[in-house]
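**Q** missing the sequence, but the structure's below:
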C-alpha cells in the first residue's frame, strides 16, 4: 500500500525533529486535555445535582415567592425582590387547610456556630417538623424536632454531618450546647450525610426551628415552601390546591409553584450551558493549537523545499507530496489528541470526588480525538497544498 | 536507428511579471538508444533548461517533445511524474540525496513512489547495484557519513534503480575534485558501454565531453553546433 509507505515517510520526518514535533503538538494537547477535563466535570456536576434533586424526594411541590415566568430567572434573581414574600403564617395556613400533606418552610441564614473554643461558619436552616418527611433529612442520632420545639420557639438545633465533624469530631454532640450567632442552642440530633452538589457541601448545615430562627433574626419571610402529599393525591392536584389557597390568601398570584421535574430540567439547562461555555473556551485553545500546527508546517515546507524537489524529480506526484505533509500535520494533531486525552483523563481521576465530582464519558474521548484529527487535517491542508504545488525545477534550485 | 528522444523547436520562456526571459529559443534534438551525449555551454546558455525539459521536470512553452514516439510536451503534473519515475534517472551536481534517509533508502526512493512495486525486491536490486558501484558496505550509512564521490555513486545507483530509458547527469563532477570526478565519469562510461544505458551529460567542462559520442554546444538558447566525436577517449586519456 502506497499510503502506508507515505505514512512511514511522514513518521520519519516527524522523528527527525522531535522537539519541534512536540512543541507543535502542545496546543492540541492542552486543548484536548481541557476539553476532556471540562466535560467530565460538567457531566459529573450534572449527575451529582440531578441525583441530589432526586434525593429531595419525589412528588415534592416547591413554592417560591414572586411570579416568575422563567424558572431560570427566578433562581438567578433570587427571592428578595418579591413584593410579597412567603411567610411561616402561609405554611401554618396551608397545613390547616391540607391536613393530609406535609408542608415545610425553609429559611436560610449565615450561621456562626461556636462550641468550646472552635467557631465555624455554616448555613443555618430554619424549618419545621415536616422537613423530615419532605426533605432528605434523616437522623443519624438524637431526635427530630417536635411540635413543642417549633411552637415553643425552643433554642434547639440539629447538626449536619460536616458541621458535627468540624465541631465535635467523634464525640456525640447530643445534649451539648452550641452558640449560633451568639445565642445558646441545645443540640438534639445529628443528620446522616447526604453528600454534595458540585462544590456545595449539603452536610455543612445547622437546622433549627423556623420560629426560633425568625424570632432571633426578625425575618418574617421564608425562601421556599416544600409540600408533599401523604395520601395518593397526585402532585399536580396538590400544586393546584396550594395555588388556589395561596391566591385567596395573598389576593393575587405573587408566587410560583414548581415541581421537582422542573428543577431537574433547570439543573440540566444550567450545567449544559456551563459545559458549553467551557467547551467553547477549550475549542479556542484547539483552534490556536491548529494555527500553531499550520505555522510549523509552513515553516517546514519552506525548509524542505529542496527535499520536495528531490522527491518530485524521482517521481513523487503532487498528491504523494500532499499526502505526506497532510499526514504529518494529522499525525501531530492526532498524537496530540491522544496525549491530551490521557492527560485529561488522569487529571479528572486525580480530582477528589468529594471536591468536584467528575464523570469521564466515551463520547467526550471520541469527540476529543476526532476534533484533534480534524484540526490537523483542516490546518494542514494549506501547507500541504503549498508543498504539493511546488515546481520541481525551482524546488531543486532552492538553497 | 532506435530513436528515443525527438525534440522539435523547443522554446522556454520564464515569466517575471510583465517581461519574460527566453531561456530556449527553438532547440531540436534527437537522441538514439544507447547513445552517450554531452550538452555543453556556458552558464546561462540554456543547457540546464533543456535538460529540465528533456527530463520531464518542466514543459516547453512551445515546440514538440516526443519520448519513445509519444508526445509528452502537453502532459499534466501527474503524468510527468509517472514518466520521471519509470523512464528517467537524474544525477545532479549537488548529489541531491535526502539527508535523513540511509543510502539504501535513498536508492529505493523512486521505487517507493511506484505503487505497484515490491520494496523487498527493490532492496535486493539496490544492494546489487551498490555492490557493483563499490559502496555496498555503505548501505546503512547516512549521506553525511559519505565522501562526495561516494554520494555521487549513490545518486547514480538511485538513477538506475527503475531501469530508466535515459539518465540525465547535470554537472555530475562539478562538486568533486578531478580525481574523484574521473572515477564518476568512468562509472558513467561503463554504464553506457556495458549496460547500454542511454545518457545525456550536461556540463560546462570541455574535458568531460571527450568520452561522449556526440557533443551538443548550446549558446544563448540555441544549438550552436553539434559534433560527432571522432575519437572517444578512454578514461585514462581524458585531459583536464
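**A** Received the coordinates, thanks. Note that this is a predicted model, so its numbers are computed, not measured.

**Q** how many other residues sit next to the nearest residue to residue A:220 once chain neighbours are set aside?
**A** In this structure, residue A:220 finds its nearest non-sequential neighbour in residue A:87, 5.5 Å apart by C-beta to C-beta, 6 or more residues apart in numbering or on different chains. For glycine as for every other residue, the C-beta is placed from the backbone atoms N, C-alpha and C. Neighbour count of residue A:87, defined by other C-beta atoms under 10 Å in any protein chain shown: 20.

**Q** and residue A:87, bridged to which residues?
**A** For residue A:87, the beta-bridge partners are residue A:221 (DSSP bridges).

**Q** that one touches residue A:219, doesn't it?
**A** No - in this structure, residue A:87 is not within contact of residue A:219 by C-beta atoms under 8 Å, at 9.7 Å.

**Q** report the contact partners of the residue nearest in space to the middle of chain B.
**A** With distances taken as C-alpha atoms, centre = their mean, the residue of chain B nearest its centroid is residue B:168 (1.1 Å). By C-beta atoms under 8 Å, 6 or more residues apart in numbering or on different chains, the residues touching residue B:168 are B:51, B:54, B:55, B:88, B:89, B:90, B:91, B:199, B:200, B:202.

**Q** next: residue B:164.
**A** Contacts of residue B:164 were listed using C-beta under 8 Å, 6+ apart, and they are B:86, B:87, B:88, B:89, B:197.

**Q** what of residue A:386?
**A** By C-beta under 8 Å, 6+ apart, residue A:386 lies in contact with A:298, A:301.

**Q** tell me which helix or strand it sits in.
**A** Residue A:386 belongs to helix A:362-388 when assigned by DSSP states H and E.

**Q** kindly report the same for residue A:279.
**A** Assignment of secondary structure by DSSP H and E places residue A:279 within helix A:260-303.

**Q** re earlier: for residue A:109, state which of the contacts of residue B:168 is nearest.
**A** residue B:90 (87.6 Å; C-beta to C-beta).

**Q** confirm that closest one sits in a strand?
**A** Yes - counting by DSSP: H, G, I helix; E, B strand; the rest coil, residue B:90 is part of a strand.

**Q** isn't it up against residue A:312?
**A** No - under the criterion of C-beta under 8 Å, residue B:90 makes no contact with residue A:312, lying 10.6 Å away.

**Q** tell me, what residue is most central in chain A?
**A** By C-alpha atoms, centre = their mean, the mean C-alpha position of chain A lies nearest to residue A:45, the distance being 3.3 Å.

**Q** next structured bit after whichever strand or helix holds it?
**A** Per DSSP H and E, residue A:45 falls inside helix A:18-55. Downstream of helix A:18-55, the next assigned helix or strand under DSSP H and E is strand A:60-65.

**Q** from the contact counts, what lies against that next one?
**A** Applying 3 or more C-beta pairs under 8 Å, 6 or more residues apart in numbering or on different chains; DSSP states H and E, we find strand A:60-65 packed against strand A:86-87, strand A:224-229, helix A:235-250, strand A:255-259, helix A:260-303.

**Q** note down every partner strand of that strand and its orientation.
**A** The pairing partners recorded for strand A:60-65 under DSSP bridges are strand A:224-229 (antiparallel), strand A:255-259 (antiparallel).

**Q** most tightly packed of those?
**A** Of all the strands paired with strand A:60-65, strand A:224-229 has the most neighbours on average by mean count of other C-beta atoms under 10 Å in any protein chain shown, namely a mean of 22.

**Q** and the angle for it with helix A:260-303?
**A** 120 degrees (axes from the mean of the first three to the mean of the last three C-alpha atoms, to 10 degrees).

**Q** tell me which stretches of chain B form helices.
**A** B:47-54, B:77-87, B:103-107, B:109-112, B:119-132, B:148-160, B:178-195, B:206-209 (DSSP state H).

**Q** so can I have CSV of those showing distance to residue A:229, mean neighbour count and mean pLDDT?
**A** Listed next are the helices of chain B as CSV, based on distance: least, C-beta to C-beta, whole Å; neighbours: other C-beta atoms under 10 Å in any protein chain shown; pLDDT from 0 to 100:
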stretch, distance to residue A:229, mean neighbour count, mean pLDDT
helix B:47-54, 92, 25, 93
helix B:77-87, 78, 19, 94
helix B:103-107, 81, 24, 96
helix B:109-112, 78, 23, 94
helix B:119-132, 79, 16, 94
helix B:148-160, 89, 24, 95
helix B:178-195, 101, 17, 92
helix B:206-209, 107, 19, 89
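
**Q** kindly indicate which of the contacts of residue B:164 lies nearest residue A:152.
**A** Residue A:152 lies nearest to residue B:86 out of the contacts of residue B:164, by C-beta to C-beta, at 103.7 Å.

**Q** returning to what we had before: now do the helix holding residue A:45 and strand A:60-65, the angle between them.
**A** Put simply, helix A:18-55 runs at 100 degrees to strand A:60-65, going by the same axes, to 10 degrees.

**Q** so does helix A:18-55 get close to chain B?
**A** No - residues of helix A:18-55 contacting chain B under C-beta under 8 Å from any C-beta of the partner chain: none, with a closest distance of 12.5 Å.

**Q** who's more crowded, residue B:90 and residue A:312?
**A** Using other C-beta under 10 Å, the more surrounded residue of residue B:90 and residue A:312 is residue A:312, with 28 against 24.

**Q** quick check: closest non-adjacent residue to that one.
**A** Closest residue to residue A:312 apart from its sequence neighbours, by C-beta to C-beta, 6+ apart: residue A:392 at 3.9 Å.

**Q** any idea how far the one you found is from residue A:3?
**A** Separation of residue A:392 from residue A:3 (C-beta to C-beta, to the nearest Å) stands at 22 Å.

**Q** can you check residue A:116 too?
**A** Distance from residue A:116 to residue A:3, counting by C-beta to C-beta: 75 Å.

**Q** need the contact list for residue A:250.
**A** Neighbour list for residue A:250: residue A:84 [criterion: C-beta under 8 Å, 6+ apart].

**Q** per-residue pLDDT, it?
**A** You'll see residue A:250 listed with a pLDDT of 86.

**Q** now do residue A:232
**A** Looking at residue A:232, its pLDDT stands at 79.

**Q** ditto for residue A:68
**A** Confidence score, pLDDT, at residue A:68: 59.

**Q** pretty sure residue A:126 is in a strand, no?
**A** Yes - according to three-state DSSP, residue A:126 belongs to a strand.

**Q** that one bridge partners, please.
**A** Going by DSSP bridges, residue A:126 forms beta bridges with residue A:107, residue A:208.

**Q** what's the neighbour count on it?
**A** By other C-beta under 10 Å, the residues close to residue A:126 number 26.

**Q** just to check, it is in contact with residue A:214?
**A** Yes - between residue A:126 and residue A:214 there is a contact under C-beta under 8 Å: 6.5 Å.

**Q** quick check: neighbours shared by these two?
**A** residue A:107.

**Q** which non-adjacent residue is nearest residue B:117?
**A** residue B:111 (4.6 Å).

**Q** wait, that neighbour sits on residue B:162?
**A** Yes - proximity of residue B:111 to residue B:162 meets the contact threshold set by C-beta under 8 Å, at 6.6 Å.

**Q** who's in contact with whichever residue of chain B sits closest to chain A?
**A** Across chain B, no residue is closer to chain A than residue B:85, which sits at 2.4 Å (C-beta to the nearest C-beta). For residue B:85, the contacting residues are A:314, A:315, A:316, B:110, B:113, B:114, B:162, by C-beta under 8 Å, 6+ apart.

**Q** one more: residue A:138?
**A** For residue A:138, the contacting residues are A:132, A:191, A:192, by C-beta under 8 Å, 6+ apart.
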